[in-house]
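K.L.:
show me the folded form of this:
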Amino acid sequence: MPDASPRTRPLAIAHRAGNDLSQLAAAFAAGVDYAEADVWLDRGRLEVRHEKTVGPIPILWERWTLQAGWKPRLLLDQVLAAAAGQGRLFLDLKGQAKGLAQAVAEAVERAGVAESVAFSTPTWAHLDRLRTLMPQAPRFYTVGRAGQLGGLRRRLERGEIEAVSIDSRLVTQVLIAELGAGGVGTIVTWGVETAEAARRVLACGVSGVTSDSLALLASVRGGELSPSLS
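P.N.:
Take a look at the predicted model:
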């Protein structure tokens with residue numbers, strides 16, 4: 001499984017870069033390992049966006065912002081076509097639609113980029129499905145709160161998890177060592193936007209960093225940030 005084993009340098013993942021085609025191009029030009037894209041199954045279409053819908057009401061929302069929902073939306077097929085031959089995608093599956101994993105796997109295969117994608121999601125059932133549909137693709141179990149660690153540990157005992165994507169606020173040396181001892185070969189963390197934050201999580205032993213800052217990711221890739229717990 002690509003990128004699901006210890007590495008000589010950290011992975012650099014461009015947060016949400018795949019949600020906009022111009023940002024996607026910039027991320028690949030910067031040499032990131034992956035560009036993240038958020039994928040929803042909505043009304044039979046695979047849409048790429050971070051914003052949520054409000055049932056049949058034509059608006060999209062995220063925290064305190066609202067957007068018109070009737071504007072054209074970016075589709076996964078467009079993102080896959082733009083990424084083909086340019087770089088790799090870190091597809092974050094959003095929502096709990098039962099057909100999401102199947103639809104995404106079919107789109108990836110149709111685009112001929114099966115060797116250039118990894119998956120993450122807090123809805124672990126999607127990853128269980130992808131284990132059968134696309135066993136060659138790295139699957140990152142997303143952990144966004146401490147309450148999920150119990151379920152993660154139970155899956156570790158069954159040998160089900162090889163990669164994890166975790167909120168940087170949860171990252172400690174003890175936890176990363178525990179996950180590694182449990183068989184997790186790759187651990188990436190998000191919410192890392194400063195050099196100080198990157199040094200801290202790297203010192204804890206993570207395998208990679210997800211950030212909005214392409215400059216920070218370049219420093220991570222270049223080994224310019226000496227890990228530090230101070």
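K.L.:
how near is the residue nearest to Ala195 when sequence neighbours are not counted to Leu217?
P.N.:
For Ala195, ignoring the flanking residues on the chain, the nearest one in space by Cβ to Cβ, 6 or more residues apart in numbering is Leu225 at 5.7 Å. Where C-beta positions appear, they are placed from N, C-alpha and C, glycine not excepted. Look at Leu225 and Leu217: by Cβ to Cβ, to the nearest Å, they are 10 Å apart.
K.L.:
re earlier: so the residue nearest to Ala195, which of the three states?
P.N.:
Assigned by DSSP: H, G, I helix; E, B strand; the rest coil, the conformation of Leu225 is coil.
K.L.:
residues in contact with it?
P.N.:
The neighbours of Leu225, taking Cβ atoms under 8 Å, 6 or more residues apart in numbering as the test, are Ala195, Ala198, Arg199, Leu202, Ser219.
K.L.:
what do you get if the cut-off is 6 Å, keeping everything else the same?
P.N.:
Contact analysis of Leu225 by Cβ atoms under 6 Å, 6 or more residues apart in numbering lists Ala195, Ala198, Arg199, Ser219.
K.L.:
can you confirm the third one is in a helix?
P.N.:
Yes - applying three-state DSSP, one finds Arg199 inside a helix.
K.L.:
and for it, the neighbour number?
P.N.:
For Arg199, the count of nearby residues is 19 (other Cβ atoms under 10 Å).
K.L.:
ok, the last one next?
P.N.:
For Ser219, the count of nearby residues is 18 (other Cβ under 10 Å).
K.L.:
ok, the second one next?
P.N.:
For Ala198, the number of neighbouring residues by other Cβ under 10 Å comes to 26.
K.L.:
so who does it touch?
P.N.:
Taking Cβ under 6 Å, 6+ apart as the test, what Ala198 contacts is Val192, Val209, Val220, Leu225.
K.L.:
show me the shaky parts of the protein.
P.N.:
Across the chain, the ranges flagged by pLDDT under 70 are 1-7, 50-71, 226-230.
K.L.:
swap in 80 and give it another go.
P.N.:
Counting by pLDDT under 80, the ranges of the chain that qualify are 1-8, 50-72, 226-230.
K.L.:
for the helix or strand Asp38 falls within, buried residues please.
P.N.:
Assessed by DSSP states H and E, Asp38 sits inside strand 34-42. Going by neighbour count (16 or more other Cβ atoms under 10 Å), the buried part of strand 34-42 is Tyr34, Ala35, Glu36, Ala37, Asp38, Val39, Trp40, Leu41, Asp42.
K.L.:
again with stretch 89-105
P.N.:
89-94, 97, 100-105.
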